[in-house]
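Engineer: quick one, fold the following:
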Amino acid sequence: MDENQLNGSEQQQEHEGDYREIKLQKLRELQAAGNDPFRHVRYDRKECSSAVLLMFTQFEGRDVNLSGRLVAKRIHGKAGFADLQDESGRIQLYFKKDVIGEEAFELYKLLDLGDIIGVKGKVFRTRTEQISIEVHEFTLLSKILQTLPEKFHGLTDVDQRYRQRYVDLIVNREVLTRLRNRSKAISEIRRFLDGKGFLEVETPVLHATAGGATAETFKTHWNVLKADYHLRIALELHLKRLIVGGFERVYEIGRVFRNEGLSTRHNPEFTMLELYEAYVDYTDIMKLTEELVRRLADAVFKVKEVQYGEYLLDFSKPFAKITFNEAMEKWAGVGLDKLRTLEDVKREAKRLGIKLPEDRGFEACLDEIFKEKVEPNLIQPTFIYDYPKGLSPLAKSHPDIPELTYRFELFIATMEMANSFSELNDPLEQRERFEDQIRDRVPDELLADCLAEKQQYEQGQAEGKVLLGDKAQQALEQFEQLVNWLSGNEGNKKAGFDDMPESGLVPWLIEFSEALALVGLRHPRLQSVTTGARMLRRIAADYDMPGRKELLAAFERSDEYASAELDEDFLNALEYAMPPTGGLGIGIDRLIMVLSGTPAIREVIAFPQLKGK
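Structural biologist: Model prediction:
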């Protein structure tokens, strides 16, 4: 049964309440007769359906013991048939009144589709040559109270399929197979890497400083520490710390979280593989990546080619390799030699009809041209390598071409699948790269305010003082007055904000306090902003208060700054010397998508994130 045949018609939904009451009555009668299906704690199953079907000649005439879900039932006088479904497949059952007895046959007639039963019986082949089990006895192990989707209409609401994945799995066996293959693929990745001497490790999910990627974070609050933490957006920086400490081959398969949109290619929490190997470069990692992808295609999905939408993907041939510059020349019609400044990029974007992101620097705008003009052409497995330095803050530069880095990305079906560097291990250059990233994200005027505040703070520290600039002091006073007023005026939030104190500098302070961390300063006088801002954000989201638009915009920008904070401890770790290292990150969800020919990422995740109802 395919996924378009999952749920019932409107008529079925109208009667589901009646059906549930009927099943509840059946359950009460069973319990009253001493046949409570929920009393069972185990069932001694010996075989599975697929084994019986595949090895019929060995099982024919023998007694077997199976269990599973009843998914079809057909009564014919004093006999009847049913289909039993377990994880491995589906097999026909034959019930005969003369064999199981009158009482058991009456119980069989009362069974509902979806009930869980255990059966004992003899394997045989019917006159129509269908392999079946003649039931000698059966046990009702669990009673369904809801109604399974009606056979011919299906669950047409895709969103409901994801919300009730358990029903989707019962009725649509293709979904179960796909998710089983996902688990097999992850196990195969572990076997592959373990066989090459890699060690699987675990690193923290909660990070005081977000790092390893450029993305907006999910934030949570640690009550005991009275501090905000980020759910990790990458695995990279802690794994590199292990390389510094002496491990030479490490990997982690784990969930990462990025506070971004939902789409057929994006889920805000997803599974990443990251690995790092000392004393190798990105060319070695490129070979390992191709070997791994081909191993999964062969060993798990049993394919050389995959039909992915309109594309026929070929994994049997060597993966294509092309430099970033060659790709830009081929598909955007302009090379990096003509894209040296932001003005150059804007000029070419205009020529190409590409709308660039506002208030972003050279690198972000260059990346936009690549995404719009190059990526749509990367259908067959293709390595793009030697990226511009500005797009690769954690990659080592070419010694002869310092504006390029030792980095590659693997693209399949126009999607990025893998990202690899010859890792930057110069702590001084790494700090400069991080700071360049920060300057690209923070508006010039705000960055100047932050640098001036940091300079004044450091001067005060030298004199044993904790100084706060005049503008920040004035803004902090407005902020504290506003928070205190909102805390003590619950009724005013609903009735109006006529008496609300002056708050013109509060949006600036929200951005400023977060942006300060990007220049290495967590000002002790501004710690109260973190706590008060959570309440202010909640109120601004719920009430039409004065300055609401400016406040919400400030919170949005401060979240962006929070995801770009310098990780001082990682920079300190690099100062203890990290060997030359090759690193790799692979988005497992997307890789499973292409290898299984599945166009939507939510189809390969058991419980994908969904918008609230």
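Engineer: any idea how far D281 is from the closest residue to E435 other than its chain neighbours?
Structural biologist: Take E435 and drop its neighbours on the chain: the residue closest to it by CB to CB, 6 or more residues apart in numbering is L566, 7.4 Å away. C-beta here means a position set from N, CA and C on the backbone, and glycine is covered the same way. Taking CB to CB, to the nearest Å as the measure, L566 falls 26 Å from D281.
Engineer: and what of D86?
Structural biologist: D86 is 49 Å from D281, by CB to CB.
Engineer: burial of the nearest residue to L424 once chain neighbours are set aside, as a residue count?
Structural biologist: Using CB to CB, 6+ apart and skipping the chain neighbours, the partner closest in space to L424 is K396 (4.8 Å). Around K396 there are 23 other residues, counting by other CB atoms under 10 Å.
Engineer: same question, the one 4 residues further on
Structural biologist: Burial measure for D400: 6 neighbouring residues, criterion other CB under 10 Å.
Engineer: next one: the one 10 residues further on
Structural biologist: By the criterion of other CB under 10 Å, L410 has 24 neighbours.
Engineer: roughly how far is the helix or strand hosting it from the heart of the chain?
Structural biologist: Per DSSP states H and E, L410 falls inside strand 407-412. Counting by CA atoms, centre = their mean, to the nearest Å, strand 407-412 is centred 19 Å from the centre of its parent chain.
Engineer: what does stretch 545-561 give?
Structural biologist: 27 Å.
Engineer: what does stretch 339-351 give?
Structural biologist: Counting by CA atoms, centre = their mean, stretch 339-351 comes out at 34 Å from the chain centroid.
Engineer: alpha carbons only: can I get it in PDB?
Structural biologist: This file holds the C-alpha atoms of stretch 339-351, laid out as PDB (Å, rounded to 0.1, in the frame of the first residue of the first chain):
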ATOM      1  CA  LEU A 339      35.400  39.300  -8.000                       C
ATOM      2  CA  ARG A 340      37.800  41.000  -5.600                       C
ATOM      3  CA  THR A 341      35.600  43.600  -3.900                       C
ATOM      4  CA  LEU A 342      32.000  43.900  -2.700                       C
ATOM      5  CA  GLU A 343      31.400  46.300  -5.600                       C
ATOM      6  CA  ASP A 344      32.600  43.700  -8.100                       C
ATOM      7  CA  VAL A 345      30.200  41.100  -6.600                       C
ATOM      8  CA  LYS A 346      27.300  43.500  -6.700                       C
ATOM      9  CA  ARG A 347      28.000  44.400 -10.300                       C
ATOM     10  CA  GLU A 348      28.100  40.800 -11.400                       C
ATOM     11  CA  ALA A 349      25.000  40.000  -9.300                       C
ATOM     12  CA  LYS A 350      23.100  42.700 -11.100                       C
ATOM     13  CA  ARG A 351      24.200  41.400 -14.500                       C
END
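Engineer: hang on, the earlier thing: tell me the secondary structure at the residue nearest to E435.
Structural biologist: coil (DSSP: H, G, I helix; E, B strand; the rest coil).
Engineer: what segments of the stretch 451-600 of the chain are strands?
Structural biologist: For the stretch 451-600 of the chain, the strands defined by DSSP state E, counting those that start in this stretch cover 581-587.
Engineer: which strands border the lengthiest strand in the chain, and is each parallel or antiparallel?
Structural biologist: Using DSSP state E to define each element, the chain has its longest strand at strand 63-76. Note on strand 63-76: by DSSP bridges, its sheet partners are strand 79-86 (antiparallel), strand 116-125 (antiparallel).
Engineer: the nearest residue in space to L336 that is not next to it in sequence: which element?
Structural biologist: Leaving aside its sequence neighbours, L336 sits nearest to N325 (CB to CB, 6+ apart; 4.8 Å). Under the criterion of DSSP H and E, N325 resides in helix 324-331.
Engineer: chain neighbours aside, what residue packs nearest to the residue nearest the centre of the chain?
Structural biologist: Most central in the chain under CA atoms, centre = their mean is F270, positioned 1.5 Å from the mean C-alpha point. For F270, ignoring the flanking residues on the chain, the nearest one in space by CB to CB, 6+ apart is D589 at 4.9 Å.
Engineer: need the contact list for that neighbour.
Structural biologist: By CB atoms under 8 Å, 6 or more residues apart in numbering, the residues touching D589 are 267, 270-271, 601, 604-605.
Engineer: ok, the residues you listed vs F56, which is closest?
Structural biologist: V604 (33.2 Å; CB to CB).
Engineer: would you confirm that that closest one contacts R182?
Structural biologist: Yes: the criterion here is CB atoms under 8 Å, and V604 meets it with R182 at 5.7 Å.
Engineer: list the buried residues of stretch 254-263.
Structural biologist: 254, 256-259 (16 or more other CB atoms under 10 Å).
Engineer: please apply the same query to stretch 528-547.
Structural biologist: 529-530, 532-533, 536-537, 539-540, 545, 547.
Engineer: so which of these sit within helices?
Structural biologist: 529-530, 532-533, 536-537, 539-540 (DSSP state H).
Engineer: reformat those residues as TSV; add pLDDT and distance to L239.
Structural biologist: What follows is those, written out as TSV (pLDDT from 0 to 100; distance: CB to CB, whole Å):
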residue	pLDDT	distance to L239
V529	86	33
T530	78	29
G532	85	36
A533	86	32
L536	88	37
R537	88	33
I539	86	40
A540	85	38
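Engineer: and of these, the nearest to K73?
Structural biologist: R537 (55.2 Å).
Engineer: now do the contacts for the closest one.
Structural biologist: Going by CB under 8 Å, 6+ apart, R537 touches 551-552, 555.
Engineer: that one and R161, how far apart?
Structural biologist: Taking CB to CB, one finds R537 at 34 Å from R161.
Engineer: check A606 too.
Structural biologist: For A606, the distance to R161 - CB to CB - is 12 Å.
Engineer: where does pLDDT dip in this structure?
Structural biologist: 1-17, 151-156, 359, 489-496, 563-564, 613 (pLDDT under 70).
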